[in-house]
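>>> I would like to see how this sequence folds:
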Amino acid sequence: MSTPHPQPVVEHVGAPKVRRFNEQRWSIDNIIQANGIDWDQPRSMYLQAPCGVESLGDFAGIRQRVKKMADIGPAFEAAARRREAKARMAEEADESITARDNYFMAAVHWGAAQWTFDENNAPNIFLNQKKRACFANYARMADHHVEPVWIPFKDTALPAWYHLPPDYEEGDKIPAVVLIPGMDSFKEMSVALYGDRWLQRGVAVLAIDGPGQYEAPLLGIRATMENWIAAAPAIHQWMAARPEIDPMSIGISGNSFGSFFSTILAANEPHFKAVAVSATCLEPGCHTIFEEASPTFKKRFMWMAGYTDEAAFDNFIKDFTWEGHAERIKMPYLCLAGEAEELSPLIYAEQMFERLTGPKRLVVYQDARHGIAGVPSSALGPNPPTLVADWMTARLAGTPFASERWYVNAIGQVNKTAY
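Below is the predicted model:
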């Protein structure tokens, strides 16, 4: 029996009211004018990465066009419309690979266009529907099995896409990983168009929008501690029931705010095999990211959590902590963090690691900020996404490892000390 598809919910409550955002909007626009679309994080780079080399021109044009915050949505929407039109023309000409690739790129652009909409309004719902439609067309033509998924959750369902490796053979039991995106990422960009790091290693992928993430709040599923705790067994049970999956070899990998959500999942579902996180957001109460960083982060998360009143949200977010949860994590845990992490200072990851009782590895990149990119340590040392994929693949295979702290220095050397 299939799970009913929940429908988007239009809410006439307006966008979250964030004092710093309203007061500093002029400053944000000036910063974007001076630094471009990647003023707060390498957004255009991580959006481009799964799309392949053909999309380089799209993102170069978007970077050139965006001069203020209001330009972001229209710039991505224009690119999405152009790619979708190319996809339809290619499909009509029976050029299936060209059509497939353009549908994928269009889906990513439609999703990126949603970023500045922090409310359940008609434009956000329209963009989400276009994203889903283009990705569904990509899935129909993909070089591997891609399936739309609705994971039963309370009285509704969490949206996801399920990918099997291109060489999967019916009857095989293979490992799998649940991918948890960050605050500004979405499930459609979690698996690369070509050469995906998970599928190429024979690992199935469940790319999900968890509570509060991108499509989920449009369905009324908000980011709360209670919802993420409840999501843990729901996600694992769905994965373990798939006939293709080895139920004893299911891992979790989360990036940015997905590092916190992944930690909560792992703490509340002991049957996950391993967890790997990067670009950490592990500060209890989230003060730095919401009070000292760009106010766009707080505005976004208020929508994710269903708040428009800032004072009420400030009281709510105090309960967002790994304390009382991380202590229960017994499975292998990997964390990649920047030494100069500006959204969640490194000290909080280090404090959490002191509470973990299972096998663990903390990898710190010298001089790296939140994105763990653009510095010599990440360029010359272990590539962060590759390190995560290799580590997880080994853990899903049951390979033991030493509990260590790695420090990757500016010439790429890895200095290891025991935990």
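>>> ok, longest strand in this protein?
Criterion DSSP state E: the longest strand present in the chain is strand 245-255.
>>> tell me the strands beside that strand, with direction?
Sheet pairing of strand 245-255 (DSSP bridges) gives strand 174-180 (parallel), strand 274-278 (parallel).
>>> now render those strands as TSV, adding mean neighbour count and mean pLDDT.
For the C-beta atoms, the positions are set from N, CA and C on the backbone; glycine is no exception. Formatted as TSV, those follow (neighbours: other C-beta atoms under 10 Å; pLDDT from 0 to 100):
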stretch	mean neighbour count	mean pLDDT
strand 174-180	25	98
strand 274-278	26	98
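>>> switch these over to CSV; also include distance to residue 67.
Converted to CSV, those look like this (distance: least, C-beta to C-beta, whole Å):
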stretch, distance to residue 67
strand 174-180, 33
strand 274-278, 31
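>>> mind checking those for the one nearest to residue 413?
Shortest distance between residue 413 and those, using C-beta to C-beta, is found for strand 274-278: 19.8 Å.
>>> quick one: distance of the following helix or strand past that closest one to the chain centre.
Later in the chain than strand 274-278, the nearest helix or strand by DSSP states H and E is helix 287. Remark: helix 287 is offset 21 Å from the chain centroid, using C-alpha atoms, centre = their mean, to the nearest Å.
>>> what is the mean pLDDT for helix 287?
For helix 287, mean pLDDT is 98.
>>> which neighbouring elements make contact with it?
Counting contacts by 3 or more C-beta pairs under 8 Å, 6 or more residues apart in numbering; DSSP states H and E, helix 287 is packed against no other helix or strand.
>>> what's the first helix or strand after it?
Next along the chain after helix 287, taking DSSP H and E as the criterion, comes helix 295-305.
>>> what does the domain assignment say about this protein?
23-140, 143-419 (automatic domain parsing).
>>> which among those domains is found nearest to residue 7?
domain 143-419 (7.4 Å).
>>> compare the strands paired with strand 245-255 and give me the one nearest residue 236.
Nearest to residue 236 among the strands paired with strand 245-255 is strand 174-180 (8.1 Å), distances taken as C-beta to C-beta.
>>> any idea how far the closest one is from the chain center?
On C-alpha atoms, centre = their mean, the centre of strand 174-180 falls 13 Å from the chain's centre.
>>> which elements pack onto the following helix or strand past it?
Using DSSP H and E, the helix or strand that follows strand 174-180 in sequence is strand 204-208. Judged by 3+ C-beta pairs under 8 Å, 6+ apart, strand 204-208 is in contact with strand 146-153, strand 156-163, strand 174-180, helix 225-240.
>>> which one of those lies closest to residue 124?
strand 156-163 (14.5 Å).
>>> list the strands paired with that closest one, with their directions.
In the sheet, strand 156-163 lines up with strand 146-153 (antiparallel), strand 204-208 (antiparallel) (DSSP bridges).
>>> what's whichever helix or strand comes after the shortest one in contact with?
Read that as strand 204-208. Once the chain leaves strand 204-208, the next helix or strand it forms, by DSSP H and E, is helix 215-218. If you take C-beta atoms under 8 Å, 6 or more residues apart in numbering as the criterion, helix 215-218 is touched by 8-9, 120, 124-125, 128, 132, 158-159, 186-187, 209-210, 222-223, 303-304, 306.
>>> can you flag the buried ones in those residues?
8, 120, 124-125, 128, 132, 158-159, 186-187, 209-210, 222-223, 303-304, 306 (16 or more other C-beta atoms under 10 Å).
>>> what residue is smack in the middle of this structure?
residue 181 (1.2 Å; C-alpha atoms, centre = their mean).
>>> show me which positions of stretch 81-90 end up buried.
82, 83, 84, 86, 87, 90.
>>> just send the residues you listed back as TSV, with pLDDT too.
Formatted as TSV, those follow (pLDDT from 0 to 100):
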residue	pLDDT
82	98
83	98
84	98
86	98
87	98
90	98
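>>> quick one: mean pLDDT for stretch 402-419?
98.
>>> measure how far that stretch is from the centre of its chain, please.
26 Å.
>>> please list the outside residues in contact with it.
353, 359-367, 375-382.
>>> again with stretch 360-369
332-342, 346, 349-350, 353, 372, 375-378, 381-382, 384, 387, 391, 401-410, 419.
>>> and those, which are buried?
The neighbour-count test (16+ other C-beta under 10 Å) marks 332-339, 341, 346, 349, 353, 372, 375-378, 381-382, 384, 387, 391, 404-409 as buried among the contacts of stretch 360-369.
>>> let's see which of those residues end up in strands.
Reading strands off these with DSSP E, I get 333, 334, 335, 336, 337, 338, 404, 405, 406, 407, 408.
>>> using TSV, lay out the residues you listed together with distance to residue 395.
As requested, those are exported to TSV (distance: C-beta to C-beta, whole Å):
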residue	distance to residue 395
333	10
334	8
335	13
336	15
337	19
338	23
404	14
405	18
406	16
407	21
408	20
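>>> return the member of those residues nearest to residue 174.
Nearest to residue 174 among those: residue 334, at 20.6 Å, using C-beta to C-beta.
>>> ok, now which ones touch the closest residue to that closest one other than its chain neighbours?
In space, residue 334 comes closest to residue 276 once its chain neighbours are excluded; the distance is 4.1 Å by C-beta to C-beta, 6 or more residues apart in numbering. Applying C-beta under 8 Å, 6+ apart to residue 276 gives the contacts 251, 252, 253, 254, 262, 333, 334, 335, 336, 388, 391, 392.
>>> distance check, residue 276 against residue 412.
21 Å (C-beta to C-beta, to the nearest Å).
>>> with residue 253 instead?
23 Å.
>>> these two: which is more packed in?
Taking neighbours as other C-beta atoms under 10 Å, residue 253 and residue 412 compare with residue 253 leading, 26 against 14.
>>> I'd assumed residue 272 was in contact with the more buried one.
No. Checked against C-beta atoms under 8 Å, the pair residue 253 and residue 272 is beyond contact range at 10.7 Å.
>>> mutual contacts of those two, please.
With C-beta under 8 Å, 6+ apart as the test, residue 253 and residue 272 both reach residue 178.
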